[in-house]
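Undergrad: Need the 3D shape of this:
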Amino acid sequence: MTMNIQGHDILKNSVATPGSGILAAPEAWRQECQTWAQLFGLAAAIYLREPAVEQARNCAAVGQALAKHLPDESFVHFLTRMAAEDMAEVKQEFFDLFFVPVSGSYCPPFGEIAGPDYSTEHGGVAQVFQKTGFSPSLLPGLPSYLRRLNRPDYIGFELAFMSTILEDAALSQDSGKAKGLYETGLFFHEKYLASWAAKFGRQVAERAQSDYFQACGLLTLFLTDTFAAGRPDQEPGQHNRPR
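TA: Numbering: from 1, shown residues only. Purely as a prediction, here's the structure:
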């Protein structure tokens, strides 16, 4: 299973953008699916890697590219400004927001804590990861403390899962397998991520001082609120308009 969470080439292979509506052709569906995968991957990378100059530059480049397609989205505006910030201060905010409960700005980044409606039945997120062969500890570029983190409900892991499952769907040449992978993503988004990530993203955006993490919070909110909803009987190319 591919676990690519790089986000700087987000539009390289895609002519479709989130919110572009019903796509009739399978190839167009795959391109839109790939775009969603890279958007989820971009968000995941921010939560899974400590802030650094190169990452901020990559995010700013993504913001500039997305500005042509999503000019009214606030997260795009903040992305374009990320490279101008003091990364030492942003790095400290990374820990204050997600790993230091007494910081005064802490936002619990775990679904089971932040989401009162978060499902833990049948093994919860851990069971989904196990059944699909997704292992957060194998994601590239993780700091050691995240590699050892035994919390599959960490926001970065859930976003990385969405990125991986959608990219696998986009790359599959078997339409039946692509449909199954896409439906797994829809199920996971509805059952787990959507139950808490919007509130969490809004909280991050409100408490963050940096453009870096305001962008992060607003991107999380965007992904939670606007990811395409589909029906179990739909084939690739027949999914509903994003909400």
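Undergrad: Go ahead and flag the most central residue of the protein.
TA: Taking CA atoms, centre = their mean, the centroid of the chain lies closest to F40, which sits 2.7 Å from it.
Undergrad: Let me know the next secondary structure element after the lowest-mean-pLDDT helix or strand in the chain.
TA: The weakest-scoring helix or strand in the chain, judged by mean pLDDT, DSSP states H and E, is helix 111-114 (a mean of 84). Following helix 111-114 in sequence order, the next helix or strand is helix 124-132 (DSSP states H and E).
Undergrad: Against which helices or strands is that following helix packed?
TA: Here helix 124-132 touches helix 155-171, helix 175-191, going by 3 or more CB pairs under 8 Å, 6 or more residues apart in numbering; DSSP states H and E. All C-beta spots, glycine's among them, are computed from the backbone N, C-alpha and C.
Undergrad: The same query, at a cut-off of 10 Å, please.
TA: If you count contacts as 3 or more CB pairs under 10 Å, 6 or more residues apart in numbering; DSSP states H and E, helix 124-132 packs onto helix 111-114, helix 155-171, helix 175-191.
Undergrad: Tell me the backbone dihedrals of the residue lying farthest from the centre of the chain, please.
TA: What lies farthest from the middle of the chain is V102; by CA atoms, centre = their mean that is 26.3 Å. Main-chain dihedrals, V102, degrees, to the nearest 10: phi -100, psi 10.
Undergrad: Might you report the residue contacts of it?
TA: Applying CB atoms under 10 Å, 6 or more residues apart in numbering to V102 gives the contacts D96.
Undergrad: Next: F200.
TA: By CB under 10 Å, 6+ apart, the residues touching F200 are 107-111, 113-115, 155, 193, 217, 220-221, 224.
Undergrad: mind running it again at 7 Å?
TA: By CB atoms under 7 Å, 6 or more residues apart in numbering, F200 lies in contact with C107, A114, I155, T220.
Undergrad: now, which of those sits nearest R81?
TA: The closest of those to R81 turns out to be T220 (CB to CB; 17.6 Å).
Undergrad: Show me where the protein dips below the pLDDT cut-off.
TA: 1-25, 115-119, 121-123, 228-243 (pLDDT under 70).
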